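Asks: everything below, folded, please.
(one chain, ligands or ions: 1)
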Amino acid sequence: MPGYEFFGEEERKEIDDVMNTGILMRYGFDAQRKGNWKAKELEQKISETFDCKYAQLTSSGTSALTTAMAALGIGFGDEVIMPAFTFVASFEAVISVGAIPVLVDIDESLTLNPSAVKAAITSKTKCIMPVHMCGSMADIDALKHICKEHDLILLEDACQSIGATYKGKYVGTIGDAGTFSFDFVKTITCGEGGAVLTNNEDIYTKCDAYTDHGHDHKGADRGADLHPFVGYNYRISELHAAIGLAQIGKLDNILSIQRKNHSILNSILSTVPELTFRKIHDEGGNSCTFLSWFLPDAEITSAVVAELRSQNILAGNFYWFENNWHYIRKWDHLTKNGFLNNQSEQLQKQLQKYSANPFIASDAIMSRCISTAISLTWTEEQIREKGEKIAGVIKKILNEKLTAV
Ligand SMILES: *Cc1c(COP(=O)(O)O)cnc(C)c1O
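Replies: Residues are numbered from 1 along each chain as shown. A predicted model of the protein is given here:
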């Protein structure tokens, strides 16, 4: 998964360019910056690499989502349908623009279940926000179809799936807009950073201004810029963009190693007949940051997790069902009014619905799911050892269960 595993001279060289001028800001100071425009250059690279007309860098993936929503006109009281399995940033961004997160069940692809999405549509629904979780894609055709039928916006949270494709197109570039995160643990990193991707010039122009206090960026100097609308400061710095430039140069290599390591691990775990794998809507497009697998039931899965822990090999294996950051079950701060300030009645009412846990279908999937993070630094021998240990643990637990009956 993480680009930080491939960090070195390339990043230092890009940083040095910025250090040599000391111009850490992405706008202005034209004479002093000696031709260094790291953020601009990275935006161009992103749009070339992912075959997308426009890219707007931001300070984080979270601010990229907030920016995209504002540019798409999603605001106060609008409902955004999103999955109950994601990272907390997805609902944070929805709430940040005054909109209402409507959480719905996922299916065995670990992404939005299109039937659950359909059932959640109301007269207030404005947007469907699939999250391409753990390196792989949502059912985009089905979701696009629903958007068309109901005249809704499609915003892709592709923060975790940089480089994944769906039917030949990069995820994040298919909907009205999409977002990437370049935080420290993502496929490529800037340290902190994010991007909005879109093929729509109007949306891009709004993102460009929104992330810089509403500056229209048309004036010869910043002081002369007009501000056609209210924005915020979600700018990336030149230092962070410089790191990203080095990292994007490594993306092809990162993806090919991920895919190779994923396939070796996959073939080892496939020898356990009781184990099944996550549904991937386009196998060839998997970015392979994780290998996600299911066991027959929740009891076996939690016993396997306990055994992995006691054998000290749990690290890198994620049981999201018990994880505080990725699944609704542990989001008490969201469902039990953990806000520092007043929120609208509409939001509070919506969130109250989740305290009773309506996500039975997602629980049945997440309680059986373990995701193994794919490292870039593994040798083939290490993968075999890891895979065989995991397979051994599963066989042990299944055996114990059989003899107990
Ligand atoms: C990482 C992530 C984000 C936001 O990223 P930050 O850059 O950490 O703000 C949003 N959505 C998902 C699914 C993520 O994994």
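
Asks: which parts of the stretch 251-400 of the chain sit against the ligand?
Replies: Counting by CB under 6 Å from any ligand atom, no position of the stretch 251-400 of the chain is adjacent to the ligand. Bear in mind the C-beta positions are built from the backbone N, C-alpha and C, glycine included.

Asks: show me the contacts for the nearest residue to Thr377 once chain neighbours are set aside.
Replies: The spatially closest residue to Thr377, leaving aside those adjacent along the chain, is Glu5, at 5.3 Å (CB to CB, 6 or more residues apart in numbering). Contacts for Glu5 (CB atoms under 8 Å, 6 or more residues apart in numbering) come out as Ser375, Leu376, Thr377.

Asks: for the closest residue to the ligand within the stretch 1-150 of the chain, phi and psi?
Replies: Distances between the stretch 1-150 of the chain and the ligand by CB to the nearest ligand atom are smallest at Gly61, namely 2.6 Å. Backbone torsions for Gly61, taken as degrees, to the nearest 10, come to phi -70, psi -40.

Asks: by proximity to the ligand, which residue of the stretch 251-400 of the chain wins?
Replies: Closest point on the stretch 251-400 of the chain to the ligand, by CB to the nearest ligand atom, is His326, at 8.2 Å.

Asks: what's the burial count for that residue?
Replies: For His326, the neighbour count with other CB atoms under 10 Å is 21.

Asks: quick check, it in contact with Ala89.
Replies: No: counting by CB atoms under 8 Å, Ala89 is not a contact partner of His326; they are 10.5 Å apart.

Asks: and Val80, what helix or strand is that in?
Replies: Element membership for Val80 (DSSP states H and E) is strand 79-83.

Asks: so is that strand next to the ligand?
Replies: No: contact of strand 79-83 with the ligand (CB under 6 Å from any ligand atom) is absent, the minimum separation being 9.4 Å.

Asks: parallel or antiparallel, list what pairs with that strand.
Replies: Strand pairing for strand 79-83, determined by DSSP bridges: strand 100-104 (parallel), strand 125-128 (parallel).

Asks: which parts of it are buried?
Replies: By neighbour count on 16 or more other CB atoms under 10 Å, the buried set for strand 79-83 is Glu79, Val80, Ile81, Met82, Pro83.

Asks: show residues contacting that strand.
Replies: Against strand 79-83 from outside (CB under 8 Å, 6+ apart): 69, 74, 90-91, 94, 99-106, 111-112, 117, 120-122, 124-131, 133, 155, 157, 350.

Asks: the contacts of Glu5 in strands, which ones?
Replies: Residues of the contacts of Glu5 located in strands (DSSP state E): none.

Asks: domain ranges for the protein?
Replies: Per the record, the chain has its domains at 3-250, 252-404, by automatic domain parsing.

Asks: would you mind giving the ones you listed as TSV with mean pLDDT added?
Replies: TSV is the format used below for those (pLDDT from 0 to 100):
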stretch	mean pLDDT
domain 3-250	97
domain 252-404	96
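
Asks: pick the most buried one from those domains.
Replies: Highest mean neighbour count among the domains of the chain (mean count of other CB atoms under 10 Å): domain 3-250, with a mean of 21.

Asks: endpoints of that one, how far apart?
Replies: 8 Å (CA to CA, to the nearest Å).

Asks: before we move on, the earlier item: any idea how far the strand holding Val80 is from the chain center?
Replies: 15 Å (CA atoms, centre = their mean, to the nearest Å).

Asks: quick one: name whatever helix or strand follows that strand.
Replies: helix 89-96.

Asks: got the angle between that following helix and strand 79-83?
Replies: 170 degrees (axes from the mean of the first three to the mean of the last three CA atoms, to 10 degrees).

Asks: for the stretch 201-350 of the chain, which segments count as strands?
Replies: 276-277, 290-294, 317-318 (DSSP state E, counting those that start in this stretch).

Asks: dump the second one to PDB, restricted to CA.
Replies: Taking only C-alpha atoms (Å, rounded to 0.1, in the frame of the first residue of the first chain), the coordinates of strand 290-294 have been written out as PDB:
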ATOM      1  CA  PHE A 290      -4.700  -5.200   0.000                       C
ATOM      2  CA  LEU A 291      -5.700  -8.800  -0.300                       C
ATOM      3  CA  SER A 292      -9.100  -9.100   1.300                       C
ATOM      4  CA  TRP A 293     -10.600 -12.500   2.300                       C
ATOM      5  CA  PHE A 294     -13.500 -14.000   4.100                       C
END
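
Asks: done for today, thanks.
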